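S.K.: Show me the folded form of this:
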Amino acid sequence: VIKNIQWTTGNNFTVERGWQQIEEYISMWEVHKSWLHWSEFLQEEELKYSKRYHYRVCWSVPTRRKPIPRATASVYFVIEISKIKPATLPVEVFFTLESSRLIHRPEQCQFREEWLKDIIENKMILMERL
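M.R.: Numbers count the residues shown, from 1 in each chain. The predicted model follows:
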């Protein structure tokens, strides 16, 4: 079962509401409690037929021995509001993982904790090689 939330409509959208809804959505992800995250609004992008709002959620696993993690994994969210479709329709939401071009839609995929682990693992391998 793919878990999703009821996303706000275009006419009820604010940057703050978008951030709150992203937080609500990721709270449903099945990740171990050791994962911590913080999120931020990055920018607004004006396009011909829509407006896009970009956010970043940064994940890490701090420990008692290493409270400042050596690597983090970012998930980038975009909330898109159409200038053509009725403002009473829900906003479009998609996200990508750091170092990946694959676009995920909340209603079509289930988030996997392994994705975060893979990003961090790859960063650690790269740092060791340098």
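S.K.: What is the burial count for Val91?
M.R.: Close neighbours of Val91, defined as other CB atoms under 10 Å, add up to 22. Yep, even glycine has a C-beta here, placed from its N, CA and C like the rest.
S.K.: List phi and psi for it.
M.R.: With angles defined as degrees, to the nearest 10, Val91 sits at phi -70, psi 160.
S.K.: Residues touching the longest helix seen in the chain, excluding its own?
M.R.: In the chain, assigned by DSSP state H, the helix with the most residues is helix 113-129. When contacts are defined by CB atoms under 8 Å, 6 or more residues apart in numbering, helix 113-129 is touched by residues 29-32, 35, 59-61, 69-75, 97-99.
S.K.: which among those residues end up buried?
M.R.: Listed as buried from these are 29, 31, 59-61, 72-75, 97-98; burial here means 16 or more other CB atoms under 10 Å.
S.K.: can you pull out the helices in this structure?
M.R.: So, for the chain - with DSSP H - the helices run 15-26, 113-129.
S.K.: Tell me which residues of the longest helix of the chain come out buried.
M.R.: Buried, per 16+ other CB under 10 Å, within helix 113-129: 115-117, 119-120, 123.
S.K.: between these, which is closest to Asn4?
M.R.: Trp115 (17.4 Å; CB to CB).
S.K.: In the chain, where is pLDDT below threshold?
M.R.: Across the chain, nothing is flagged by pLDDT under 70.
S.K.: What ranges does it have for its strands?
M.R.: Ranges of strands in the chain, per DSSP state E, are 36-46, 50-60, 73-82, 92-97.
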